[in-house]
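> 3D model of this:
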Amino acid sequence: DEYRYLDVAVLEHLKETTRSELDCQVCYALFLDPLTTSCGHTFCRKCLHRVLDHSNCCPICRRTLSVPPSLTRAQYPSNKRLDSLIFGLCPDAVVARTEAVRQEETHRMSELDTPLFICTLSFPSMPTFLHIFEPRYRLMIRRAMESGDRKFGMLLHNPSQSSQGELGPCNFYQYGTLLHIISMQLLPDGRSLIETTGVSRFRVLNYGTLDGYTVGRIQRIDDISLADEENLEASEMSQPLHPHSLSAADHFGAPPHHPRPRRPSGAIDLDTTSTKDLMEMATRFVRSMQAQSAPWLQARVLQVYGDFPSDPALFPWWFASILPIMDAEKYKLLETTSVRQRLKICVGWILRIEAQRW
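I've put the predicted structure just below:
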């Protein structure tokens with residue numbers, strides 16, 4: 001009994017003495033999956049990941065770390081001996097630390113479960129290529145990859161901070177595109193080049209901030225049904241006269257103060273044009289531009305976006321991706337719920353371009 005008491009006393013003294021040496025100097029908590037760097041300092045794997053998002057220097061001695069930014073276990077294995085020592089000395093603390101991290105990640109992805117990248121416009125079914133260099137977005141993309149979901153939302157920056165519906169004034173536009181990461185090339189300094197493709201459109205219902213980047217709760221935006229599309233086209237084409245072309249006398253039964261504006265010769269009323277004719281007009285314009293464009297430019301467009309799709313549901317996204325007009329104009333497509341609406345917007349762009357040339 002006396003020897004057992006002495007053993008227990010020595011063990012407790014050993015635990016108390018070494019406990020402070022088993023804390024990560026980044027999170028100041030017990031090591032979890034410890035990594036030891038070439039300069040001899042040890043950190044949690046996740047903590048070292050966060051450090052490499054900002055710098056390739058050791059946070060203690062500031063020496064340059066010659067470790068891959070991905071920090072996969074195959075490339076950079078854990079310190080097994082230290083891991084075994086920690087679990088042997090304080091197993092209860094290890095279990096509590098693991099559970100705390102799990103709860104933190106669960107809480108982080110509770111309601112605002114979609115990471116949002118405020119950068120540029122993207123469209124469904126179209127590729128988007130990104131250069132990830134900011135620390136907050138390095139973390140966001142890594143988490144998206146580690147989760148296995150490989151998805152994040154892309155939103156257009158709103159420099160004027162204009163109000164976005166129930167969200168109020170914010171630094172992004174409310175409608176965006178959900179992107180899926182196809183491939184990721186990690187550079188030696190931690191930056192990455194990623195290729196994504198658009199999955200679907202969404203509207204932001206609520207948003208917040210997590211570790212520097214924006215997260216939100218989103219609602220998927222789908223098009224109306226095919227039957228509703230046909231009804232929309234039939235109702236628009238049955239109108240004998242466009243409402244905007246009515247004069248003051250038509251509305252009030254009195255002669256107008258100004259001459260009635262006449263539609264220019266050859267002008268097209270998009271509302272009374274069939275969806276098939278809208279698609280044919282867009283197709284003719286694209287073929288005309290392809291015939292006039294430089295071969296290298298056409299080859300690059302084909303390489304990135306492919307030839308123009310014959311499907312009216314896909315054509316507006318392809319057309320907006322290659323057309324060099326303002327993002328504010330292209331953004332209108334994301335708010336629509338009808339293929340016909342989007343085709344009318346695209347043909348409207350074509351008519352304006354042709355009118356400027358003429």
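> going by C-alpha atoms from here, please, whenever you check contacts or count neighbours.
OK.
> and P59, how far from R50?
11 Å (Cα to Cα, to the nearest Å).
> could you list the low-pLDDT ranges of this protein?
69-70, 105-110, 239-267, 357-358 (pLDDT under 70).
> quick one, strands of it?
34-36, 42-44, 114-119, 127-132, 151-157, 172-186, 192-210, 213-221 (DSSP state E).
> please enumerate the helices of the stretch 251-358 of the chain.
275-292, 295-305, 315-322, 327-330, 339-357 (DSSP state H, counting those that start in this stretch).
> related to what we said a few turns ago, deepest of the strands of the chain, which one?
Stretch with highest mean neighbour count among the strands of the chain: strand 42-44 (a mean of 25; mean count of other Cα atoms under 10 Å).
> coming back round to it: any idea which of the helices of the stretch 251-358 of the chain is most buried?
The stretch of those with the highest mean neighbour count (mean count of other Cα under 10 Å) is helix 315-322, at a mean of 20.
> who touches that one?
By Cα atoms under 8 Å, 6 or more residues apart in numbering, the residues outside helix 315-322 that reach it are 122-126, 301, 305, 308-309, 330, 333, 342-343, 346.
> output those as a markdown table; include the columns distance to D223.
Formatted as a markdown table, the contacts of helix 315-322 follow (distance: Cα to Cα, whole Å):
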| residue | distance to D223 |
| --- | --- |
| S122 | 17 |
| F123 | 14 |
| P124 | 12 |
| S125 | 14 |
| M126 | 17 |
| V301 | 27 |
| Y305 | 23 |
| F308 | 21 |
| P309 | 18 |
| K330 | 17 |
| L333 | 12 |
| R342 | 11 |
| L343 | 13 |
| C346 | 17 |
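> what is the nearest of these to K276?
L343 (9.7 Å; Cα to Cα).
> how about the contacts made by that closest one?
So L343 contacts 275, 278-279, 312, 316 (Cα under 8 Å, 6+ apart).
> can you tell me the closest non-neighbouring residue to T209?
Distance criterion Cα to Cα, 6 or more residues apart in numbering; nearest residue to T209, sequence neighbours excluded, is V215 at 5.8 Å.
> look at the residue nearest to D271 when sequence neighbours are not counted and say how many residues are nearby.
Spatial nearest neighbour of D271, excluding adjacent residues (Cα to Cα, 6+ apart): E236 at 5.8 Å. E236: 16 surrounding residues under other Cα atoms under 10 Å.
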